[in-house]
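Asker: pasting the sequence and the predicted coordinates here, then a few questions.
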Amino acid sequence: MDDFPFIDLKAQYETYKEEIDLAIREVIESTSFIGGKKLIEFERNLANYVGVKEAVGCSSGTSALLLALMALGIKEDDEVIVPSFTFIATAEMVSLLKARPVFADINLFDYNIDINSIECLVNDKTKAIIAVSMFGQMPDLETLSKFCNDKNIALIEDGAQSFGANQNGKKSCSIAQISCTSFFPSKPLGAYGDAGAVFSDDENIANLVRTYLNHGQIERYKHKLIGFNGRLDTIQAAILNVKLKYLNKEIEKRCQIADFYNKNLKNVILPQLKEGFTSVYAQYSIRVKNRDDVIRVLDSKGIPSAIHYPLGLHLQEAFLDYNTISLPNTELLSKEILSLPMSAFLKQSHQEIVIETINNIARI
């Protein structure tokens, strides 16, 4: 069997090679590697795509989360509600500011934060909820936004896996008070290195983000705040600007590939889509009872797979203080979740091999 990538970044590059190479060369020839026209253009295009007033490029999805929390004034001993079933960065940045992440369970329909479980977690110290958009689909951000407004707490969307998705026609990163995304290379819109962005309709928040990501600087060598270096490299902005033009076409293809999986996979729990929502299928993730057996057979055939995520954050060593709490849905999902090859460039012949292999071994 020929090379079988989990995400076919090489095929994507070959498709846009001329435009990407030209964009990189223009940045190099300009010698404007930090800031400049290419970054300004990309931020403008990002804001227009999402449908918000402000988009600020930054160095990664992780720094985007940190910047969002800093812009909201999250400080020591504040509490921020986060799902346990997510990548560590979501809670890690809360802890980095010496605030306290409060772990919530997820639902077993779309694997997003369980809205019904949140109310009992809110108290006088709660300052924000970070809602992670899992596997390409947003949680019900409209309901969460109303809940947060009623409680006078902030809503942050961690849209690292959902850029391009929507809820009732509203794009991911456009509903929450402040939103973040990642352009890690494997994302539906991926850079050739680390990159991210913060989104808001609030100009004051955007200005704070721009200040914090540039060492708290308001003018050259004039520092109003304590910040850090969270800038987005201009070469990455130029690459992403090329890819952004093709994102909707790639999302359409991802949905077609997901539909082919859905129609043909047997003996597994398939990903579900809420009414009025779309997914960009950043991952195509199924549930199987005999996951270890499935992975072993996939490996024997050279078929890549991944586990997103094998252990809830509330059970991680880094969060020892939380190891006594029970989040049953997170713990169940961590034992059964399995991500299969997915990209806009996945060959149908490869997909058919995945399906045949899964159908012969998977059990629910």
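Answerer: Cool, the structure landed. Numbering: from 1, shown residues only.

Asker: and residue 304, how many neighbours?
Answerer: 14 (other CB atoms under 10 Å). Using the backbone N, CA and C atoms, a C-beta is placed for each residue, glycine as well.

Asker: roughly how far does it sit from residue 341?
Answerer: Look at residue 304 and residue 341: by CB to CB, to the nearest Å, they are 6 Å apart.

Asker: show me how far the lowest-mean-pLDDT helix or strand in the chain is from its chain's centre.
Answerer: The helix or strand of the chain with the poorest confidence is strand 217-219; it has a mean of 95 (mean pLDDT, DSSP states H and E). Its chain's average C-alpha position is 30 Å from that of strand 217-219, according to CA atoms, centre = their mean, to the nearest Å.

Asker: can you tell me the centre-most residue of this protein?
Answerer: residue 160 (1.4 Å; CA atoms, centre = their mean).

Asker: for the helix or strand harbouring residue 262, packing partners?
Answerer: Using DSSP states H and E, residue 262 falls within helix 247-264. The contact analysis (3 or more CB pairs under 8 Å, 6 or more residues apart in numbering; DSSP states H and E) places helix 247-264 against strand 284-287, helix 348-361.

Asker: got CSV for these, with distance to residue 236, mean neighbour count and mean pLDDT too?
Answerer: Shown next, in CSV, are those (distance: least, CB to CB, whole Å; neighbours: other CB atoms under 10 Å; pLDDT from 0 to 100):
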stretch, distance to residue 236, mean neighbour count, mean pLDDT
strand 284-287, 26, 23, 98
helix 348-361, 29, 16, 97
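
Asker: just checking, next helix/strand downstream of the least confident helix or strand of the chain?
Answerer: strand 222-223.

Asker: would you state the helices of the stretch 1-150 of the chain in chain order?
Answerer: In the stretch 1-150 of the chain, the helices defined using DSSP state H, counting those that start in this stretch lie at 9-30, 37-50, 61-71, 89-96, 141-151.

Asker: and residue 280, which of those is closest to it?
Answerer: Closest to residue 280 of these is helix 37-50 (CB to CB; 12.7 Å).

Asker: returning to what we had before: just the buried positions in the helix holding residue 262, please.
Answerer: The neighbour-count check on helix 247-264 (16 or more other CB atoms under 10 Å) flags 247, 250-251, 253-255, 257-258, 261 as buried.

Asker: low pLDDT regions in the stretch 1-150 of the chain?
Answerer: 1-2 (pLDDT under 70).

Asker: ok so, going back, identify the residues contacting the helix holding residue 262?
Answerer: 12, 49, 136, 163-164, 188-189, 270-271, 278-281, 284, 340, 342-346, 348, 351, 354-355, 359 (CB atoms under 8 Å, 6 or more residues apart in numbering).

Asker: got the helices of the stretch 1-150 of the chain as CSV, with distance to residue 217 and mean neighbour count columns?
Answerer: Rendered in CSV, the data for the helices of the stretch 1-150 of the chain read as follows (distance: least, CB to CB, whole Å; neighbours: other CB atoms under 10 Å):
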stretch, distance to residue 217, mean neighbour count
helix 9-30, 22, 14
helix 37-50, 16, 19
helix 61-71, 14, 27
helix 89-96, 21, 21
helix 141-151, 31, 16
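
Asker: tabulate those helices (JSON lines), appending distance to residue 230.
Answerer: Output for the helices of the stretch 1-150 of the chain, formatted as JSON lines (distance: least, CB to CB, whole Å):
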{"stretch": "helix 9-30", "distance to residue 230": "19"}
{"stretch": "helix 37-50", "distance to residue 230": "13"}
{"stretch": "helix 61-71", "distance to residue 230": "4"}
{"stretch": "helix 89-96", "distance to residue 230": "11"}
{"stretch": "helix 141-151", "distance to residue 230": "24"}
